[in-house]
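Visitor: my questions are about this predicted structure, shown below with the sequence.
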Amino acid sequence: MRRDNRFRWFIIFACIIASVYYLIPTFRYYNISNEFKNSLEEIVVEQLNIDVSEVTENSRFIEDLGADSLDIANVFVSVEREFEFKIPDEEAKKLKTVGSLIRYVKNYSKKGEETVTNLERKAIKRGLDLQGGVHLVMEPNLPSLVEQLATNKDSRFYDLFDNIKNKPIGSGEDFITFFLTEAESRNFPLDLYFNRDKRIDENNNVREVSKYLRDEADDAVERALEILRNRVDEFGVAEPNILKQGAHRIIVELAGVDDIGRAKELIGKTAKLEFKLLKSIEAGEEVFDAFDRILRQQIEGKPISTDTTKVDSLKAPKAPSTMTEKSLAELLGQSDTTLTEADKESTVLVDEKTFGEGPFRSLLANFTPYGGWNGVHEQNVPAVKRLLEREDFQKVIPTDAAFYWDAKPTAHLGENYYELFLLEKDVALGGEVVTDARPTTGTGYDPTTAGKPLVSMTMDRGGSKDWSRITGANIEKRIAIVLDDKVYSAPVVRTQIRDGRSSIEGIPTMNEAKDLSIILRTGSFSVDMDIIAEQSVGASLGADSIRKGSTAAAIGFLLVVIFMIIYYKMSGSLADIALLLNLIFIMAVLAGFHATLTMPGIAGLILTIGMAVDANVLIFERIREELQTGKTIRAAIDSGYSRAFITILDANITTLIAAVVLYQYGTGPIKGFALVLMIGVSSSMFTAIVVTRCIFDFITGRYALQELSI
C-alpha cells in the first residue's frame, strides 16, 4: 500500500521556504555590507588622495574623518552619485563626519528595498571571537563603597579602614566580610559609623551592618548594569552581551568594536560630575607661602614648621619664565630620607629668580595674565603631585579646600602646562541634575571655543533653580566643572544663568565630546567600577577564525558526502541531501532567533555534520539486513525505518539532554556550542527520518525498482 506523504512534503517545503526567508537577509547583509564599505572607502580615498591600505587597516580612521580632514561637500556629491539618492540639505548639515554619513546611508532605503540597518538586525550575528572586540569583567570597588557609606569618618574609622584596605583577601571572602570580621575582633562600634537614615539598629549588630552593606553593594551592581546597557546602546554596538556573574561581577562583551581603548574608557568611566567654587587667589597664595616655608626649611636642614603666619607673598613667575633644571634632591633637600636613587637623578624645571625665597612657586607658572591661575610644566607635574601628598603639606591646606588638576594640558609657546586649582571641598551642585548632554562645537562669539568640541548640558527644574542662585551669588567668580576629580573648565561667571544651561569645554576631539555626552546622559556609577580582567580579539584574528572554521566545516562536509556516496551509493546521496538541508535548517533557526554565531558554535556545527548521518547509517544497515532476508524493497525500507527509529531516538535524546545541561549551566562559549548542538540534533532527526523516507517513498512509488542501490 502506497503511503500518503502529502502532509510530510508540505512540512518539508514549508521548512525550506521559511529557511530561505530567514537566511536571505544574512546573505544580503554580508554581501551589501562589503560592497557598501568598499564604495565608501573608494570615495574617501579619492577625496584624500591616499593609499587604500591606509584606510583598510583601520576602519575607524574613515569614520572619524570630519570636515577638517576633507571636503565633506565633495564626499556628499560622490556618495549621492554612487548610491543614487539625494541627501536633503537639512540632513547634510547634521552630517559632520564620514561616520555619521555612513550611518545615514545605512538607514536610507529606496522604495521597496530594506535598509542596511534592517538587514543587519535580521542577519546572523558574528560573535566576539569571529569579528573581534573586547571582553571585560567588572566589579564594584568594595573598599571605596564602604568608605562612601560610612557616615562618621574620623581617625578611628580610618585606622581600621586603612589597616585592612590593601591586605590580601582569602579565597571565598570579599572586602565587606573581611572588614566586618576585623571590626568585630576590635569591638568596633559599627552603629556609630553606619547609621545612615537610621537603617542600622544602635546595638552594634554586625549582621545588620553586613546586610546593609551587601544590599548597597547589590544595588550598586544593578545600577551599574543599567548604566552600562544604556552607555553601550548609545555607543552603537550591535548585539552587546552584558550580564551579571556571581554576586558582584559584570561581564561585558562588545563584538565588532575597533577602538577597544575608546570602548574601555566609555564603559569604565565613573562620570562623577560636580560644580565647585574656586578659592580666592589670596587664599591660594597663603597656602603657597606655607609650602615655600616648608621647603626652605627642609633645604636649609632646619626643623620643619607648619606655622601659617602671613608673610610677604611672592608671585609665581609669569609663563614663560627663564626655567633651569635642578635635581629633585636640590628641591627637597639632601636630608629627605624618602629620596631614592632614581629620585636623585630626576630633574625639575624651576625659575632661578624665585627658587631661593619660593622653592615651591619656582615650580609654577603664573597664568593670571592669561585668565588662568597657576600652571605646572608637564615635567614638574610628578614632583608637585608628590609634594601635595605629603603629610606636612596636607596640614597647611585649609580643611574646606582641596587641590585639583586640569584634565588636559594648556599649550603655551610650545610647552605644555597643567593648571592647578584650589577648590572648595563642598559641592555647589551635583551632576545628577543634568537631564541632557549633547556634543556640539563652539560658536564664533567666543574666540577661545570657536569651532572646538564641547558638551552642552541642560538641567532639571530643581537644578536650574539652584544653578541660577549659585551663579547669581558668584558674579565675576570662577566655578569649576569637575568630572572624576579632574577640572575640565573653570569659567568666570559673567551673568546669572537662569535657564539651567552650561557647557563643558576643553575637550580635545569630537569623539571624546560624544563619549562624554553619552556618559552624562546615562548617569554615573554610584561606586567606582574596576575592570579586573579583559580580553581583546583583533578583527584580523576574527577573520582568520572564520576562514579556518569555514574551511574545517567544508572539509568535514565533503568527506562525509564522499564517504556516504562511496559506501551507500544512491542511498548515500539521499543522506547527503538530508545533510545539506540539515545545515540550512540550523542556520535558518539561528537567523530566525537573531542568534550570535561564535567559534564554539562553529565547532558544534562541525560536530553536527559528523553526527547527522548516524541515523541514516543505522537505517541503511537495517535495510540491508532486511533485503538479505529476501524482503521486497518497499518492505525492507518500511522495516528499516521502523526498527531503527527507537535506537535513533534513544541516541539523540541522550545527546540532547547533555546539550541542555551544557546550555543551562555553561557560560558564554559553552552556551554557544550547546545551542547549535541542540538545534543540530533536532534538525538531523527530522532530515534523516522524515526527509529521506519521503524521498525513498517517492522513488519506489514512481519507479519499479528491481534492486536498491544501497
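Guide: Structure's in. What do you need?
Visitor: only C-alpha atoms for contact and neighbour calcs from this point on.
Guide: OK.
Visitor: give me the number of residues near E325?
Guide: E325 has 12 neighbours, counted by other C-alpha atoms under 10 Å.
Visitor: who is it paired with across the strands?
Guide: With DSSP bridges as the criterion, E325 is bridged to L349.
Visitor: that one: what's it in contact with?
Guide: E325 is in contact with T347, V348, L349, V350, counting by C-alpha atoms under 8 Å, 6 or more residues apart in numbering.
Visitor: now, among these, which is nearest to L708?
Guide: T347 (92.4 Å; C-alpha to C-alpha).
Visitor: pretty sure that closest one contacts L331?
Guide: No: contact criterion C-alpha atoms under 8 Å: T347 and L331 do not qualify, at 9.2 Å.
Visitor: neighbour count: those two, which is higher?
Guide: L331 (22 against 18).
Visitor: please report how far the more buried one lies from E389.
Guide: 16 Å (C-alpha to C-alpha, to the nearest Å).
Visitor: cool, and G556?
Guide: 65 Å.
Visitor: equivalent analysis for I507, please.
Guide: Using C-alpha to C-alpha, I507 is found at 28 Å from E389.
Visitor: which one of these two is surrounded by more residues?
Guide: I507 (18 against 10).
Visitor: phi and psi next, for N187.
Guide: Torsion angles at N187 (phi, psi; degrees, to the nearest 10) stand at phi 60, psi 50.
Visitor: check it and give its pLDDT.
Guide: According to the prediction, N187 has pLDDT 83.
Visitor: same check on V209?
Guide: V209 is given a pLDDT of 80.
Visitor: surely it touches F194?
Guide: Yes: contact criterion C-alpha under 8 Å: V209 and F194 qualify, at 7.1 Å.
Visitor: who's more crowded, the two?
Guide: Using other C-alpha under 10 Å, the more surrounded residue of V209 and F194 is F194, with 25 against 21.
Visitor: need the nearest residue in space to the more buried one, chain neighbours excluded.
Guide: Once flanking residues are discounted, F194 sits nearest to A150: 5.2 Å by C-alpha to C-alpha, 6 or more residues apart in numbering.
Visitor: if we can go back for a sec, any chance of TSV for the contacts of E325, columns distance to D576 and pLDDT?
Guide: Converted to TSV, these look like this (distance: C-alpha to C-alpha, whole Å; pLDDT from 0 to 100):
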residue	distance to D576	pLDDT
T347	76	83
V348	77	85
L349	78	86
V350	82	86
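Visitor: could you dump these to TSV with distance to G431?
Guide: Listed next are the contacts of E325 as TSV, based on distance: C-alpha to C-alpha, whole Å:
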residue	distance to G431
T347	39
V348	37
L349	37
V350	38
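Visitor: neighbour-wise, which one of these leads?
Guide: V350 (26 neighbours).
Visitor: what's near enough to touch that residue?
Guide: V350 neighbours (C-alpha under 8 Å, 6+ apart): M323, T324, E325, K326, P359, S362, L363, L364.
Visitor: again, only using 7 Å
Guide: M323, T324, E325, K326, S362, L363 (C-alpha atoms under 7 Å, 6 or more residues apart in numbering).
Visitor: from L597, how far off is the fifth one?
Guide: To L597, S362 is 61 Å away according to C-alpha to C-alpha.
Visitor: the two: who's more crowded?
Guide: The residue with more neighbours, out of S362 and L597, is S362; 27 against 23, by other C-alpha under 10 Å.
Visitor: just confirm the more buried one contacts G356, I think it does.
Guide: No: applying C-alpha atoms under 7 Å as the test, S362 and G356 come out as separate, 8.7 Å apart.
Visitor: so what pLDDT did the residue sitting furthest away from the middle of the chain get?
Guide: The C-alpha centroid of the chain is most remote from G630, which lies 68.4 Å away (C-alpha atoms, centre = their mean). The model reports G630 with a pLDDT of 83.
Visitor: which SS state does it fall under?
Guide: Local secondary structure at G630 is given as coil here, using DSSP: H, G, I helix; E, B strand; the rest coil.
Visitor: gap between it and A283?
Guide: In this view, G630 and A283 are 110 Å apart by C-alpha to C-alpha.
Visitor: any stretches of the stretch 551-700 of the chain with poor pLDDT?
Guide: Within the stretch 551-700 of the chain, the stretches with pLDDT under 70 are 667-668.
Visitor: which residues in it form strands?
Guide: Per DSSP state E, counting those that start in this stretch, the stretch 551-700 of the chain carries strands over the ranges 596-597.
Visitor: number of nearby residues for the closest residue to T596 other than its chain neighbours?
Guide: Counting by C-alpha to C-alpha, 6+ apart, K125 is the residue found nearest to T596 once chain neighbours are left out, at 4.5 Å. By other C-alpha under 10 Å, the residues close to K125 number 21.
Visitor: shouldn't K125 be in contact with A595?
Guide: Yes: contact criterion C-alpha under 7 Å: K125 and A595 qualify, at 6.4 Å.
Visitor: intersection of neighbour lists for the two?
Guide: Counting by C-alpha under 7 Å, 6+ apart, no residue touches both K125 and A595.
Visitor: the nearest residue to A533 once chain neighbours are set aside: neighbouring residues, count only.
Guide: In space, and not counting its chain neighbours, A533 is closest to V137: 5.1 Å by C-alpha to C-alpha, 6+ apart. Using other C-alpha under 10 Å, V137 has 19 neighbouring residues.
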